[in-house]
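In: this is a predicted model, with the sequence first.
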Amino acid sequence: MTTSHRPPEPVLERTTRRAWASDSRVWGRVGPPVVLVAAGLTAWQWYVTAADVRPQVLPSPLRVLEQGWAFRAQIWANTVPTLQVTAVGFAVSLALGWALAIAVDFSPWLRRALTPLLVASQTLPIIAIAPLLIIWFGFGLFPKVVVIALVTFFPITVGLIEGFAATDRQATSLLRSMGASRWQQFRYVRLPGAMPRFFTALRIGITYAVTGAIFAEYVGATAGLGIFMSLQKNSFRTDLVLAAVLVTALLSVTLFLLTYAVERLVIPWWRRG
């Protein structure tokens, strides 16, 4: 009786097949939005050319890229302050969010007292508050940090509070039965269990942070993409306004993707699971 043996798959062929499969998955994720954006830009370019629209009203995508590159030094000089304001404001928001969420998790009374205030903080009209902050505190860093904290504090704090509350109760009960303290239960069960929701909130918050920084600078600043847009708008340089908008979008997307990299470092088990 003969036994047929399947010849081993060549290493090169197996590696190539895996590479193709990986490329297919990547294209499946990024392909649709890339195609959609390309189609929109093509339609935009065609319309501006066919209708002979003045660049002061609607510049073509090619003109936006051309002028953005020509003024790249000026745009970059205003991007750095926006990045700095975003980083400081978001860091303050993270620190306050973590402190409040931990305090609320340890104190049911604080949860009942502060939850309505958290919700009320989101009803404040930033479009009215931001100019007042500029009047009260000037064009420095502080009013911009306050604006960023106001727009990012809520999703961070609520994400952490809900994450702490949604952790495994059986694991908490097991630790309690073994004599673990409240802090040990928090450290080994509630904190790791809350991290996935925290990173979801982090992704929401980081995009809000960039938008908040731009808006605060738009209202009043000495440097930054927001004030750059305002000045160029007043000069009817719509192409440079859109170039700054493009830089803002790229900045937001970059920071958004950076949260995934940090997530893989902090909780590598989550995405694999």
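Out: That came through fine.
In: hey, let's count contacts and neighbours off CA atoms from now on
Out: Will do.
In: all helices of the stretch 151-273 of the chain, in order?
Out: 169-177, 182-185, 191-219, 225-234, 238-266, 268-272 (DSSP state H, counting those that start in this stretch).
In: ok, residues contacting the fourth one?
Out: I take that to be helix 225-234. Residues outside helix 225-234 that contact it (Cα atoms under 8 Å, 6 or more residues apart in numbering): 75, 78-79, 81-82, 213-221, 238, 240-241, 244, 248.
In: report the buried residues of stretch 94-107.
Out: Leu94, Gly97, Trp98, Leu100, Ala101, Ile102, Val104, Asp105 (16 or more other Cα atoms under 10 Å).
In: so what's the fifth one up against?
Out: In this case it means Ala101. If a contact means Cα under 8 Å, 6+ apart, then Ala101 has Thr157, Val158, Leu160, Ile161 as its contacts.
In: what's the following helix or strand after the helix or strand harbouring it?
Out: Element membership for Ala101, per DSSP states H and E: helix 72-106. Using DSSP H and E, the helix or strand that follows helix 72-106 towards the C-terminus is helix 108-121.
In: CA atoms only: put that next one into CSV for me.
Out: Only the C-alpha atoms of helix 108-121 are listed here, as CSV (Å, rounded to 0.1, in the frame of the first residue of the first chain):
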residue,chain,number,x,y,z
PRO,A,108,-20.5,56.8,44.6
TRP,A,109,-21.4,60.2,46.1
LEU,A,110,-19.0,62.0,43.8
ARG,A,111,-20.6,60.1,40.8
ARG,A,112,-24.0,61.4,41.8
ALA,A,113,-22.7,64.9,42.4
LEU,A,114,-20.5,65.4,39.4
THR,A,115,-22.3,63.5,36.6
PRO,A,116,-24.8,66.4,36.1
LEU,A,117,-22.0,68.9,36.1
LEU,A,118,-20.1,66.9,33.4
VAL,A,119,-23.2,66.9,31.2
ALA,A,120,-23.7,70.6,31.8
SER,A,121,-20.2,71.3,30.8
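In: what angle separates it from helix 72-106?
Out: 150 degrees (axes from the mean of the first three to the mean of the last three Cα atoms, to 10 degrees).
In: ok, residues contacting helix 108-121?
Out: Ala103, Val104, Asp105, Leu150, Phe154.
In: excluding chain neighbours, what is closest to the first one?
Out: Right, Ala103. Nearest residue to Ala103, sequence neighbours excluded (Cα to Cα, 6 or more residues apart in numbering): Leu110, at 7.3 Å.
In: how far away is that neighbour from Val145?
Out: For Leu110, the distance to Val145 equals 25 Å [Cα to Cα, to the nearest Å].
In: neighbour count winner among these two?
Out: With neighbours defined as other Cα atoms under 10 Å, Leu110 and Val145 compare such that Val145 has more, 23 against 14.
In: so what pLDDT did that one get?
Out: Val145 carries a pLDDT value of 92.
In: per-residue confidence at Ala149?
Out: pLDDT, Ala149: 91.
In: now it: which helix or strand?
Out: Counting by DSSP H and E, the element that carries Ala149 is helix 141-165.
In: for that helix, list every residue counted as buried.
Out: 141, 143-161, 163-164.
In: with stretch 41-59 instead?
Out: Trp44, Gln45, Val48, Leu58, Pro59.
In: go on, stretch 67-75?
Out: Quick answer for stretch 67-75 (16+ other Cα under 10 Å): Gln67, Gly68, Arg72, Ile75.
In: so where's this structure shaky on pLDDT?
Out: Across the chain, the ranges flagged by pLDDT under 70 are 1-29, 271-273.
In: good, wrapping up.
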